[in-house]
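> when you get a sec, could you give me coordinates for this:
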Amino acid sequence: MDLMKKHISILAHNTESTIEKKLATELNNYSVDNHISYSLEITDDNDTSINILDLEKSMNKKLNVNIKVGEVTGTWIPIDNKNIYLLLRE
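Numbers count the residues shown, from 1 in each chain. Coordinates of the predicted model:
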């Protein structure tokens, strides 16, 4: 679980758009390879939950993604909202 926490933390603290996609992919691949599931809660700046079916309509908003794995949680503010789809495995 420590490595999962590390992946979430690195993604959450990333400040470069060129690296964000790679980090999101690594987090997803690590979770798949190790059979670790996580949950995502996506909210906008007003702390309003975004339904996954409505995500496409919110792409031009600043979004917050809360990633939770057991007791481990982290908040990621994507530089490119399209990278959220990598964690949705789409």
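
> residue most distant from the centroid, the chain?
residue 46 (18.2 Å; Cα atoms, centre = their mean).

> where do the helices sit along this protein?
With DSSP state H, the ranges of helices along the chain come out as 2-13, 17-33, 84-87.

> CSV for those, including distance to residue 69?
Using the backbone N, CA and C atoms, a C-beta is placed for each residue, glycine as well. Below are those laid out as CSV (distance: least, Cβ to Cβ, whole Å):
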stretch, distance to residue 69
helix 2-13, 5
helix 17-33, 8
helix 84-87, 11
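
> highest average neighbour count across those helices?
helix 84-87 (a mean of 18; mean count of other Cβ atoms under 10 Å).

> show me what that one is packed up against.
Under the contact criterion of 3 or more Cβ pairs under 8 Å, 6 or more residues apart in numbering; DSSP states H and E, helix 84-87 touches helix 17-33, strand 39-44, strand 63-69.

> now residue 4, nearest residue through space, not along the chain?
residue 69 (5.2 Å; Cβ to Cβ, 6 or more residues apart in numbering).
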